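S.K.: Structure here, sequence nowhere to be found:
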């Protein structure tokens with residue numbers, strides 16, 4: 001992305017402008033099936049599901065919830081473990097069960113695909129799907145690395161294919177309405193935000209460990225294509241820990257940062273009109289579960305943004321006591337609540353409040369994509385927002401790995417040690 005493009009040019013369009021742009025894009029670039037054929041509310045949308053594991057099954061549940069209401073056609077399920085692909089086919093009553101996702105992409109009757117696989121495969125499958133003329137719902141994070149995210153964004157711009165990133169909290173209108181209130185000056189100059197994702201795992205089987213599945217599959221299932229699952233990752237012999245517990249290993253995942261923090265920081269990005277951070281620090285360690293994982297089991301991150309504010313994200317997996325989700329301004333503080341948000345001044349006086357519609361719901365997030373395909377409704381988590389999230393969480397992980405503060409080189413569009421790039425300490429005008 002060119003360094004002189006402002007955050008508002010990506011994230012700050014009004015609803016009417018975004019809708020007009022989306023309609024224009026859909027009408028001129030949608031070729032998986034002609035736009036005229038699927039724009040009507042009663043026209044069926046063909047779906048292919050890539051990935052039939054835990055998250056893949058969650059998407060299948062959503063598909064089954066929506067298939068009648070949203071007029072969806074289950075065409076195919078693909079997974080490199082045939083047993084899972086067959087089970088997925090039966091679950092959604094699809095016509096095809098496949099072990100090679102590329103065969104799914106060849107099917108003309110498929111309009112969009114879900115990509116619900118380990119992170120290291122996201123970019124390849126998403127790019128292949130767009131090249132095949134498909135719209136995509138890609139699970140978060142959009143990609144495993146920053147260069148992969150840049151490649152996906154470039155491809156999306158080239159092809160114009162609709163791409164929804166699976167940060168489903170963006171289908172809760174709390175964050176877009178908070179953005180509008182902040183723009184109007186309700187809380188004054190924004191200086192800081194905080195948010196968390198906390199859990200408490202069992203002491204014997206820390207974050208993302210699946211001891212029962214590992215014990216059951218000490219030998220590789222005969223119908224699982226291990227080399228296909230590894231993809232671009234280092235080739236190793238069958239390892240059930242890596243297959244079932246891939247979020248513990250950096251070859252396939254970014255752990256807490258990419259799997260959990262992406263849900264949280266994207267909310268603050270939307271509400272505060274944020275794009276790429278200036279500097280990021282990630283601090284934590286493998287403190288409670290030194291069980292062979294190479295990603296932290298507890299981590300925190302602080303991001304500094306050019307608008308003149310910081311964002312703090314807490315991520316302990318050893319204690320579920322959280323902190324308030326809030327945005328601090330000079331005039332007031334905006335608190336996110338289970339029902340929406342409320343802005344209060346220093347004396348506790350309510351200056352504004354909002355009762356949310358929608359929610360952190362995959363059903364709503366998929367429906368938003370369906371509506372985008374049919375009538376140009378703006379996507380709730382488009383590629384630009386997915387890219388911004390990938391940058392922040394990868395910078396946090398790199399800071400943790402290297403014990404350095406990371407900076408964003410705007411000219412070269414890459415993360416670098418913060419002391420190697422000149423950074424201003426004054427707010428940047430929007």
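M.R.: Yep, that arrived. Owing to the predicted nature of the structure, the values given are computational and were not obtained by experimental measurement.
S.K.: I'd assumed residue 398 was in a helix, is it?
M.R.: Yes - remark: residue 398 belongs to a helix, assigned using DSSP: H, G, I helix; E, B strand; the rest coil.
S.K.: In terms of residue numbering, what are the domains of this protein?
M.R.: Using automatic domain parsing, the domain ranges for the chain come out as 7-171, 174-203+252-357+383-420.
S.K.: how long is the longest one end to end?
M.R.: With Cα to Cα, to the nearest Å as the measure, the first residue of domain 174-203+252-357+383-420 is 38 Å from its last.
S.K.: Equivalent analysis for stretch 353-361, please.
M.R.: Span of stretch 353-361 from end to end, Cα to Cα: 22 Å.
S.K.: That one: which residues count as buried?
M.R.: 354, 356, 358 (16 or more other Cβ atoms under 10 Å). (Glycine included, C-beta is placed from N, CA and C.)
S.K.: got it, and stretch 108-121?
M.R.: So, applying 16+ other Cβ under 10 Å, buried residues of stretch 108-121: 110, 111, 112, 113, 114, 115, 116, 117, 118, 119, 120, 121.
S.K.: avg pLDDT for that stretch?
M.R.: Averaging pLDDT along stretch 108-121 gives 98.
S.K.: Helices of the stretch 251-400 of the chain, residue ranges please.
M.R.: 255-256, 262-272, 362-375, 383-402 (DSSP state H, counting those that start in this stretch).
S.K.: Please work out which helix or strand belonging to this protein has the smallest mean pLDDT.
M.R.: helix 15-29 (a mean of 37; mean pLDDT, DSSP states H and E).
S.K.: The most centrally placed residue in the chain and residue 377: what is the separation?
M.R.: Among the residues of the chain, the one closest to the centroid is residue 140, at 2.7 Å (Cα atoms, centre = their mean). Distance from residue 140 to residue 377, counting by Cβ to Cβ, to the nearest Å: 20 Å.
S.K.: Likewise for residue 191?
M.R.: Taking Cβ to Cβ, one finds residue 191 at 34 Å from residue 377.
S.K.: the more surrounded of the two?
M.R.: residue 377 (19 against 15; other Cβ atoms under 10 Å).
S.K.: so what's the more buried one closest to, chain neighbours aside?
M.R.: residue 371 (3.9 Å; Cβ to Cβ, 6 or more residues apart in numbering).
S.K.: Would you mind giving the secondary structure of residue 207?
M.R.: coil.
S.K.: from memory it sits against residue 298, does it?
M.R.: No - counting by Cβ atoms under 8 Å, residue 207 stays clear of residue 298, with 9.1 Å between them.
S.K.: and for those two, which residues touch both?
M.R.: Counting by Cβ atoms under 8 Å, 6 or more residues apart in numbering, the common neighbours of residue 207 and residue 298 are 256, 317.
S.K.: Counting neighbours, go ahead and name the busier of the two.
M.R.: Using other Cβ under 10 Å as the criterion, residue 207 and residue 298 rank with residue 207 on top: 24 against 20.
S.K.: For the more buried one, which non-adjacent residue is closest in space?
M.R.: Nearest non-adjacent residue to residue 207 (Cβ to Cβ, 6+ apart): residue 317, at 4.6 Å.
S.K.: So the one you found versus residue 113, what's the distance?
M.R.: 31 Å.
S.K.: Distance to residue 219 for the helices of the stretch 251-400 of the chain - can I get that in a markdown table?
M.R.: Shown next, in a markdown table, are those (distance: least, Cβ to Cβ, whole Å):
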| stretch | distance to residue 219 |
| --- | --- |
| helix 255-256 | 27 |
| helix 262-272 | 34 |
| helix 362-375 | 34 |
| helix 383-402 | 33 |
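S.K.: Just send those helices back as JSON lines, with distance to residue 427, mean neighbour count and mean pLDDT too.
M.R.: Putting the helices of the stretch 251-400 of the chain into JSON lines (distance: least, Cβ to Cβ, whole Å; neighbours: other Cβ atoms under 10 Å; pLDDT from 0 to 100) gives the following:
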{"stretch": "helix 255-256", "distance to residue 427": "30", "mean neighbour count": "30", "mean pLDDT": "98"}
{"stretch": "helix 262-272", "distance to residue 427": "12", "mean neighbour count": "24", "mean pLDDT": "98"}
{"stretch": "helix 362-375", "distance to residue 427": "33", "mean neighbour count": "21", "mean pLDDT": "97"}
{"stretch": "helix 383-402", "distance to residue 427": "18", "mean neighbour count": "24", "mean pLDDT": "98"}
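S.K.: Nearest to residue 199 among the ones you listed would be which one?
M.R.: The minimum distance between residue 199 and the helices of the stretch 251-400 of the chain falls on helix 255-256, with 9.2 Å, by Cβ to Cβ.
S.K.: same for the closest one, what does it pack against?
M.R.: strand 298-305 (3 or more Cβ pairs under 8 Å, 6 or more residues apart in numbering; DSSP states H and E).
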